[in-house]
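>>> Dropping a prediction and its sequence here:
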Amino acid sequence: MSPTVSIIIPVKEINDHIRESMPHILALDYDEFEVVIFPDSGSGDAFPRTRIIPTGPAGPAEKRDLALKYARGEVFAFLDDDAYPARDWLRKAVRHFKQPNVAAVGGPAVTPRHDSVWQKASGRVFSSWLASGRYGYRYLPDGGLREVDDFPSVNLVILRSSFERAGGFDTAYWPGEDTKLCHDLTRKLGERIVYDPEALVFHHRRPLFTGHLRQVGRYAFHRGLFARALPDTSLRPQYFVPSLFVLWLAAGAPLSLVSSSMGALYTLLLSVYFLLVSSESVRIALKERDFRVGALSAPGIMLTHLVYGLRFMHGFASRRGE
């Protein structure tokens, strides 16, 4: 028998994204589920199989933790307010709980086809190997099943019992509370998190450039912070690459003025970088079948590197969490 699932959605207010998402949620091919939405304040909205519980001003992590008090399910399915699920989302996710020691399941958050060009470009930047390295699978339904030890809460399905044993989300962090929870599940409790590319949701992106870069900066700051506070899952070479790139840019230009050989090396490496970004931009344009998305992705990737590199160093140097 399939477990009862509580779909948990934290939100500041009932908005158009929620109204878009609810028909998709209600059409899930899964029988035993409820929806619990936590807005700051009440509204006149009502949806089938849904409880709307006003919380007053509170952060996303605090609202997700309220699932332990209000939700009835054996499984919590965390979903962002600007995301909506594929019809078989829950069915694909909960099947993994039959395996031993699986505490949580994550799946990709795919950019909807009807998003704007600016949003699609943001999604393509996130899914590009040049921007996300080996973590591009979080944004595209590519690759196979795998175990992970860190996964974003936009699409995270977790056993209630494991969530409770881990102590829920750490409300001191946002974003980053999902990294802390996954760390506690895998390192403290010794449980497993499975990534399934078929357990997908669709996630509206923040458009390039301002919204996208602001989000990247928040992620980078907390990854830098966690590189010191949670080294088991965040002290990894790939997270330092953008910062090393920024330092190389800053140091290479003045050094090239005093050394011709350094100048030649700097120019060569910079040329290779621009060539890689340009070729990735063309690949994205062909994949998306829209040259505008490809053209926007080139500066999007470069600015993502710069913002991430700077904010990661800021987070790494911060004494928060100590």
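Alright, I've got the coordinates. Numbering: from 1, shown residues only.
>>> care to break this protein down by domain?
5-107+151-206, 229-317 (automatic domain parsing).
>>> With distance to Trp118 added, can I get the ones you listed in TSV?
Heads up, the C-betas are built off the backbone N, CA and C, glycines and all. Below are the domains of the chain laid out as TSV (distance: least, CB to CB, whole Å):
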stretch	distance to Trp118
domain 5-107+151-206	8
domain 229-317	7
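>>> want to try a markdown table for the ones you listed, with mean neighbour count as columns?
A markdown table is the format used below for the domains of the chain (neighbours: other CB atoms under 10 Å):
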| stretch | mean neighbour count |
| --- | --- |
| domain 5-107+151-206 | 19 |
| domain 229-317 | 16 |
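>>> Reduced to three states, what does Ala220 come out as?
Secondary structure assignment for Ala220 (DSSP: H, G, I helix; E, B strand; the rest coil): helix.
>>> That one and Gln99, how far apart?
Computed as CB to CB, to the nearest Å, the Ala220 to Gln99 distance reads 33 Å.
>>> now Arg113
Taken as CB to CB, the span from Arg113 to Gln99 is 33 Å.
>>> do Gly56 as well
Gly56 sits 39 Å away from Gln99, going by CB to CB.
>>> ditto for Thr267
Relative to Gln99, and taking CB to CB, Thr267 is found at 53 Å.
>>> same check, this time on Phe38
For Phe38, the distance to Gln99 - CB to CB - is 30 Å.
>>> cool, and Tyr30?
From Tyr30 over to Gln99 (counting by CB to CB), the distance is 19 Å.
>>> Then Leu255?
Distance, Leu255 to Gln99, by CB to CB: 53 Å.
>>> give me every residue that touches Leu185.
Leu185 makes contact with Ala103, Ala104, Ile158, Ser162, Ala166, Glu191, Ile193 under the criterion CB atoms under 8 Å, 6 or more residues apart in numbering.
>>> Quick check: end-to-end length of stretch 186-203?
End-to-end distance of stretch 186-203 (CA to CA, to the nearest Å): 26 Å.
>>> and what of stretch 162-169?
Note: stretch 162-169 ends 12 Å apart using CA to CA.
>>> And for stretch 66-82?
20 Å.
>>> coming back round to it: out of the domains of the chain, nearest to Arg124?
For the domains of the chain, the distance to Arg124 is smallest for domain 229-317, at 4.8 Å, taking CB to CB.
>>> End to end on that closest one, go ahead and measure it.
Start to finish, the residues bounding domain 229-317 are 11 Å apart (CA to CA).
>>> surely Cys310 meets Val246?
Careful, residue 310 is Leu and not Cys. Yes - judged on CB atoms under 8 Å, Leu310 makes contact with Val246 at a distance of 5.9 Å.
>>> Spatially, what comes nearest to Gly133 if we skip its sequence neighbours?
Gln238 (4.8 Å; CB to CB, 6 or more residues apart in numbering).
>>> for that neighbour, phi and psi?
When quoted as degrees, to the nearest 10, the phi and psi of Gln238 stand at phi -60, psi -30.
>>> Over to Tyr84?
Backbone geometry at Tyr84, expressed as degrees, to the nearest 10, gives phi -140, psi 150.
>>> any idea how far it lies from Asn155?
Taking CB to CB, one finds Tyr84 at 11 Å from Asn155.
>>> shared neighbours of the two, anything?
Common contacts of Tyr84 and Asn155 (CB under 8 Å, 6+ apart): Val201.
>>> sorry, back to before: tell me the pLDDT of the residue nearest to Gly133.
You'll see Gln238 listed with a pLDDT of 92.
>>> I figured it was touching Ala131, is that so?
No - contact criterion CB under 8 Å: Gln238 and Ala131 do not qualify, at 11.3 Å.
>>> what are the ranges of the helices in the chain?
16-26, 60-65, 67-70, 89-94, 117-127, 129-132, 160-165, 177-183, 210-229, 231-234, 237-258, 260-288, 291-317 (DSSP state H).
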